[in-house]
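>>> compute the structure for the input listed below.
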Amino acid sequence: MAYYNYIAKDRKSRTVRGKEFAMSDRELAQRLMRKELTVISIKQAREGGLFGRGRRHVGTFDMLVLCKQLASMVKGGIPLVRAIDAIAGETTNKTLQSALVQVSYSIRGGESFSSSLKKMQGLFSPLFVAIVEAGEKVGALDIMLERLNQYLSARDRINKKIIGAVTYPSVILVFFVCAITGVALFLVPKFKGIYSSFGAKLPPLTKAIFDTSDFILSHAPAFVIIFVLTGFAAHHWFFKTKGGRLAFDKFALRLPLLGDVIMKASISKFSRTLSTLMAQGIPVTESLELVARTAGNVVIENATLKASRLITDGAKIPEALTKAEIFPSLMVQMTAIGVESGNLPELLDKTADLYEDQVDAFIAVMSAMIEPILIVALGIILGITVIALYLPIFQLNQAVGTGM
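Numbering: from 1, shown residues only. From the prediction side, this is the model:
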């Protein structure tokens, strides 16, 4: 299958140009004819496939809409292929649209829905595919899609809270740095030029400010180059290599205050994902392996895989989580209660809610604290700078007053 560009004429002889995903140019021509279009030309697009250059991302919102619409249609008795075709025709995300077209053709060729999703080269997560597969096995695809929608909504909510916790202080910090840089690069040199023209003797504090500004200005190109190169190198090492990603995730979890909220958010996602999978009847070891692949944190991923291996070797779930040495005792205790009561998925959901509430509370407190702290710090630094810049003027006025 591939993308094809086409030119056709409609019934009013108007030229219609488009780009669609099809099995072949012949298949696309037949499809256009069914739309009462007269084909002029069909050529394969250069990108050569669904996941070539120019690939767009399919976000959580699009997946939520897909799950909700598909669940409603299937529950309403609409055949799966027709439902998929209808959603593909309405979605504005071209990547998702093309993927759904390919899934539809695959199902028509005899493949199952879950098998068709697996062919999408990572577009649909292993967890997404696993839940769909479970729904097919028990004949309750609509129910599984509704639960998947609820899970994605909860996971998206906690992800946004993590982003909010990191973004808010980051924005204030960037403003802080920009303000200091602006003063050092633009305001200080003007005052230095004025004082130099008078040949005034500068106080130590003023001289220190001027020397710092001169150092920054004279080495600005080197600072920019070093910053850019360091940024590229750090990004490659931390996010493109296994060792770097592990080091970054360890560092993130050890950050003062912020590390705690990242851990709680990760535990909330872990509990929610495990609950969703086990509620569909997926075995605990297989569920843990899927959780590990969607953890988003290498430390949590390694601990989850370790717990899965321990359970395979005969350990009970609470014991395995304890030996993984990363999961908090409260979560382990909730898991133990769930195992004893035979209602582990529900207890895991409650655990996820508990940690999500703690993340909410922490973000609210941190947001209330971080802003005044940074504003006070910015005020102190700017205040010292302004005093240093005007100090020679104050001294000159004092000398003139004494002379009189």
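
>>> roughly how far does residue 311 sit from residue 323?
Plainly put, residue 311 is 10 Å away from residue 323 if you go by C-beta to C-beta, to the nearest Å. Any C-beta I mention is one placed from the backbone N, CA and C, and that applies to glycine too.

>>> same check on residue 332?
From residue 332 to residue 323 the distance is 10 Å (C-beta to C-beta).

>>> more neighbours: the two, which one.
residue 332 (18 against 14; other C-beta atoms under 10 Å).

>>> is that one in contact with residue 321, as I believe?
Yes. Residue 332 lies in contact with residue 321 (C-beta atoms under 8 Å); the separation is 5.0 Å.

>>> what sits against residue 252?
258-259, 262, 297 (C-beta atoms under 8 Å, 6 or more residues apart in numbering).

>>> report pLDDT for it.
Residue 252 is assigned a pLDDT of 84 by the prediction.

>>> now it: which helix or strand?
Using DSSP states H and E, residue 252 falls within helix 242-254.

>>> buried ones in that helix, by neighbour count?
244-246, 248-249, 252-253 (16 or more other C-beta atoms under 10 Å).

>>> find the nearest non-adjacent residue to residue 41, please.
Of all residues not flanking residue 41 in the chain, residue 7 sits nearest, at 4.8 Å (C-beta to C-beta, 6 or more residues apart in numbering).

>>> dump the C-alpha coordinates for the host helix or strand of the one you found into PDB.
Taking DSSP H and E as the criterion, the element that holds residue 7 is strand 2-9. What follows is strand 2-9, C-alpha atoms only, in PDB (Å, rounded to 0.1, in the frame of the first residue of the first chain):
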ATOM      1  CA  ALA A   2       1.100   3.500  -0.700                       C
ATOM      2  CA  TYR A   3       0.100   7.100  -1.100                       C
ATOM      3  CA  TYR A   4      -1.100   8.200  -4.600                       C
ATOM      4  CA  ASN A   5      -1.700  11.700  -6.000                       C
ATOM      5  CA  TYR A   6      -4.600  11.900  -8.400                       C
ATOM      6  CA  ILE A   7      -6.200  14.300 -10.800                       C
ATOM      7  CA  ALA A   8      -9.800  13.800 -11.800                       C
ATOM      8  CA  LYS A   9     -12.900  15.500 -13.100                       C
END
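
>>> same question for it, mean pLDDT?
80.

>>> what's the answer for stretch 266-277, then?
For stretch 266-277, the mean confidence score works out to 87.

>>> what's in contact with it?
127, 130-131, 147-148, 151, 154-155, 158-159, 286-288, 290-291, 294-297, 300, 304, 327-328, 331, 344-346, 348-349, 351-353, 355-356, 359.

>>> how far is that stretch from where the chain is centred?
Averaging C-alpha positions (C-alpha atoms, centre = their mean, to the nearest Å) puts stretch 266-277 17 Å from its chain's average.

>>> over to stretch 82-93?
Distance, centroid of stretch 82-93 to centroid of chain: 25 Å (C-alpha atoms, centre = their mean).

>>> after the host helix or strand of residue 212, next one along is what?
Assigned by DSSP H and E, residue 212 belongs to helix 204-218. Downstream of helix 204-218, the first helix or strand assigned by DSSP H and E is helix 220-240.

>>> got the CA positions of that next one in CSV?
Extracted in CSV, the C-alpha atoms of helix 220-240 (Å, rounded to 0.1, in the frame of the first residue of the first chain):
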residue,chain,number,x,y,z
ALA,A,220,29.0,35.7,24.0
PRO,A,221,29.7,33.8,20.7
ALA,A,222,31.7,31.2,22.6
PHE,A,223,28.9,30.8,25.2
VAL,A,224,26.3,30.4,22.4
ILE,A,225,28.4,27.8,20.6
ILE,A,226,29.1,25.9,23.8
PHE,A,227,25.5,26.0,24.8
VAL,A,228,24.2,24.7,21.5
LEU,A,229,26.8,21.9,21.2
THR,A,230,26.2,20.9,24.8
GLY,A,231,22.5,20.9,24.2
PHE,A,232,22.7,18.7,21.2
ALA,A,233,25.2,16.3,22.8
ALA,A,234,23.1,16.1,26.0
HIS,A,235,19.9,15.5,24.0
HIS,A,236,21.5,12.7,22.0
TRP,A,237,23.1,11.0,25.0
PHE,A,238,20.1,11.3,27.4
PHE,A,239,17.4,10.4,24.9
LYS,A,240,19.0,8.4,22.1
